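S.K.: no sequence on this one, just coordinates:
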């Protein structure tokens, strides 16, 4: 299973880099029992190799703020098995120029929820509070923290949030991005989490032993 | 005429192509090919295209929506079936969520004709189907109406539906829609910034101009 988890992290490092969603300082992790495998945030995501991935136990607080944030999220959210911190360009623009952003696309409503919260800082307890039970939050003047039941879900959440931010920004340029009614967005989120994605995510969790 | 076996493989290949072309993310989007006058073969619900096998595709009756499989077909099967019922010339349908088309759909705008290629492949302006929750009758009806005389339409806050005589042609329609959506967004950015040429950063600048007014 260890080998599979490391391979999974390396695969998503490549994908995130290919999609230009990451910057130096970002990192990916996957839960491993009472600890996590995490990439070195001091290494460009596109250049991460197996030797840049460490296993850190939850008993110790890592010195680097990003792995420390990942640890805190795993401790607070037993349902979370993977975390991606990224700097997707449209999300970074939203983080700089907005204080809130509603879902203007169905897939964002489903994976992220009716809106995305903006945390004031990367401080671990603050992120835990702002992310709540959702799959992501944006950090004001920073980037994105995305979580999932699997690396695939955290990655898809990162992609869908970036698409949601792009649609919000470009929709505004086209005359105004129209938000999805709150109750309908909430309904879609519940159906996605409890029904639509359940079998797919369960199969992926079993494969990775998480 | 393709056999059922060939159609199953074609859908598997088209699912991968949809991901590789960046036309959808994760398990989103769905595809179908007409099998005969009464049946279509569709992709299943909620499964990752990279993990699907041809055996996972589901044969669905386009009149009754009945299927004989332990695997559930896409929850958007109503839209696919309605298109095949209404349009005898259509043999392939793609429902996807490409980036630029989704931005236009988020603004609840129709996509004007941006090129002669778009006019030829789509049949004119791509209309907007009014907003409806996924897999509802309301969304199906508004999509069919928006597709009248067209090979593509946008769905408000949702994505893109295209149809064509073959899967290859349907991908061509997707491509031209996505390119046209990009041109439409860029044309609005140029108007806002009063520039003839723009770079990627100008999109954010145009956005800031609007929100800071």
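M.R.: Received it, and whenever you're ready, just let me know what you need. Computed from a predicted structure; not experimentally measured.
S.K.: how near is residue B:195 to residue A:2?
M.R.: The gap separating residue B:195 from residue A:2 is 53 Å, by C-beta to C-beta, to the nearest Å. Every C-beta, even on glycine, is put in place using the N, C-alpha and C of the backbone.
S.K.: more neighbours, those two?
M.R.: residue B:195 (13 against 10; other C-beta atoms under 10 Å in any protein chain shown).
S.K.: and the more buried one, what is it in contact with?
M.R.: B:189, B:202 (C-beta atoms under 8 Å, 6 or more residues apart in numbering or on different chains).
S.K.: Let me know the pLDDT of it.
M.R.: Note for residue B:195: predicted pLDDT of 95.
S.K.: ok, residues contacting the worst-scoring helix or strand of chain A on mean pLDDT?
M.R.: Among the helices and strands of chain A, helix A:198-208 carries the lowest confidence by mean pLDDT, DSSP states H and E, at a mean of 76. Residues from elsewhere that reach helix A:198-208, judged by C-beta under 8 Å, 6+ apart: A:1, A:4-5, A:8, A:30, A:81, A:149-153, B:27, B:46-48, B:51.
S.K.: That helix: which residues count as buried?
M.R.: Residues of helix A:198-208 classed as buried: A:200, A:201, A:204, A:205, A:208 (neighbour count, 16 or more other C-beta atoms under 10 Å in any protein chain shown).
S.K.: Let me see the contact set for the residue most central in space within chain A.
M.R.: With distances taken as C-alpha atoms, centre = their mean, residue A:146 lies nearest the centre of chain A, 1.2 Å away. Counting by C-beta under 8 Å, 6+ apart, residue A:146 touches A:83, A:84, A:85, A:86, A:135, A:136, A:154, A:155, A:157, A:158, A:161.
S.K.: can you rerun that using 10 Å?
M.R.: The contact partners of residue A:146, taken as C-beta atoms under 10 Å, 6 or more residues apart in numbering or on different chains, are A:21, A:28, A:82-86, A:88, A:91, A:111-112, A:131, A:134-138, A:153-162.
S.K.: Please flag which of the residues you listed sit within helices.
M.R.: Judged by DSSP state H, helices contain the following of the contacts of residue A:146: A:91, A:111, A:131, A:153-162.
S.K.: which of those has the most neighbours?
M.R.: Neighbour max across those (other C-beta under 10 Å) = residue A:158, 32 neighbours.
S.K.: Surely it and residue A:12 touch.
M.R.: Yes: counting by C-beta atoms under 10 Å, residue A:158 touches residue A:12, with 9.2 Å between them.
S.K.: Common neighbours of these two, please.
M.R.: Contacts common to residue A:158 and residue A:12, judged by C-beta under 10 Å, 6+ apart, are A:28, A:84.
S.K.: Is chain A within reach of the biggest helix by length in chain B?
M.R.: Assignment by DSSP H gives helix B:167-193 as the longest helix of chain B. Yes: using C-beta under 10 Å from any C-beta of the partner chain, we find that helix B:167-193 touches chain A at B:181, B:182, B:184, B:185, B:186, B:187, B:188, B:189, B:191, B:192.
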